[in-house]
Structures are given as C-alpha cells and as structure tokens.
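Asks: Here's a sequence, model it:
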Amino acid sequence: MDVNKTTSIIVDDEANSQENLLILLNKYCPEVSVIGMANNLDDAERLILELKPQLVFLDIQLGAKTAFSLLEKLRTINFEIIFVTAYNEFAVKAFKFSAIDYLLKPIDIKKLMAAVDSATAKIGTQNSSDSMEGMLRQLKSFNRRQQKIGLATSVGYEMVYISDIMYCTADGSYTEFCFQSGEKLTVSKNLKYYERILADYEFLRSHNTSLVNLDFIKRIDRTDGGGLLMENGVLLPISKTKRKELETMLKENKKLT
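Replies: Numbers count the residues shown, from 1 in each chain. As a prediction, this is how the structure comes out:
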C-alpha cells in the first residue's frame, strides 16, 4: 500500500455500483487507494474498525437500513465520508447545511474528483468532526419533521405533517394552527399541550400566545415593540427574554442570516 495515498473503503449494497465507483476512482482519483468493500452495515463496521480507512464512500440506503444507523453506532468518526445516494431530499439538505460531501447516482466524474479533493483536504481536522455531528443533528431534525400528529377537531382527528405547521396561537383553552398552505385549524387543547409535543421539533414558545416553527421566521423585528415576522407576513409577539434566546439560537445554528 502506498503510504502517500488516501486509504478508503466503499460501502454499497449493489455490486455494480461498487465496481463502477472502484473503476472511476482508479482512473480519475489515483490519490485514493481502495482497501476494502462492504455491501452491508455489519461488514462496513468491521472494515472501519479493522482497516481504519481515512475515507469512506458510503451509500445511504443499504437494504432496509440506512448508513446513518452505522454512524450513530460508531463511538467516534475519525474518517472522512463521501455519501453516495440515488437522492434523498432530507439527507441532501442535511449535507448542504453542514458542508458534507455527497454524490448523486449516477456519479458525475467532475463532482467525484471535487468531492475527493475536498474530503482529503479535511482529513484529521476538527472542522470535519464538527460538520459530521452537525449533519447528523440536522438529519434527525429533517426526518422527525416528516412525522404526522393528530389534531383533535369537532369531527375527529386531522392528521397533519409537523413540517407544514407555520405557527400556533392561543385562543383561551383552544389552539389555532396556521399552516404553510394558509389553512387554519382550531383544536380543543391549549397551547401548552402542543408546546410539550412540538418541543423536539424546533418549535419555540415565543410568547404566552404563540408557538412558532423556526423554519418559517422571516425576520426578528425590533420596531414598534418588536415581534416575529413570519413568512406569510403575520407579525407575532415575542417576549424580550425569548427574543434574546431566539437570536442566540439562530446565530449558533445558522438558521437565519
């Protein structure tokens, strides 16, 4: 093995995809040495622990499981990763958010070369580890938001995607939901009840009367007493304490610029 080369393994459950990537690497990325290949998560984990590669080409969907379960299982991630995917909207969003390298199938040669250059340049850096942790946090958030919750109405339960909820406002012992579509729905439980349910989905109780989805905040407004300008143009109240908390949160997570 050439000590000047970047050691790597390929993890993909399709033999044709493994072989195709190996051929492309040998031809266009001679600085990479493929020292092993795996077609399932167990073999991938074994190879990573035994061979300690510097770079892993990791297919997202491996049979009924995903690569992210492998990453969560590993105690440390001390190698670079280039994800390979046929396309997963929420995974790709997480990659972009955290500056993680990824390739879409079929693999484009120029993008492969660029991803390899980027990944090899980051080997052993702290920024790489931080980016990976950030990506996993974002991925969990994106996936959670695709869950549905049931809202109790006068005629039964309305099943809605959490990601479609823009904000909720208090109406006495009732709560009014406002959705991305512009639709509104009043349910027979108070705002505090939904605050508990949505706490893990990046919703913030900005005021006694409002619970907001961080994704739909357009601006934190300090004029005329301040408030949260939402994407639909509605200005919601925010307390001074919550405004400081929100500004810190958004700054740290780079949710808004």
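Asks: pLDDT weak spots in the stretch 101-250 of the chain?
Replies: Residues of the stretch 101-250 of the chain that meet the criterion pLDDT under 70 lie in 126-146, 224-225, 249-250.
Asks: so where do the helices sit in it?
Replies: Listed in chain order, the helices of the stretch 101-250 of the chain (DSSP state H, counting those that start in this stretch) span 109-122, 126-144, 191-198, 240-253.
Asks: State the helix or strand in which residue 68 lies.
Replies: Assignment of secondary structure by DSSP states H and E places residue 68 within helix 67-73.
Asks: I'd like to know which elements that helix is packed against.
Replies: The elements that helix 67-73 packs onto, with contact taken as 3 or more CB pairs under 8 Å, 6 or more residues apart in numbering; DSSP states H and E, are helix 41-51, strand 55-59, helix 126-144. Quick note: C-beta positions are derived from backbone N, CA and C, even for glycine.
Asks: please redo it, this time with the cut-off set to 10 Å
Replies: Helix 67-73 sits against helix 41-51, strand 55-59, strand 61-62, strand 80-85, helix 89-98, helix 126-144, with contacts defined as 3 or more CB pairs under 10 Å, 6 or more residues apart in numbering; DSSP states H and E.
Asks: Give the partner strands of the shortest one in its sheet and their orientations.
Replies: I take that to be strand 61-62. Neighbouring strands of strand 61-62 in its sheet, by DSSP bridges, are strand 65-66 (antiparallel).
Asks: ok now the partner strand, how far from the chain's centre?
Replies: Averaging C-alpha positions (CA atoms, centre = their mean, to the nearest Å) puts strand 65-66 15 Å from its chain's average.
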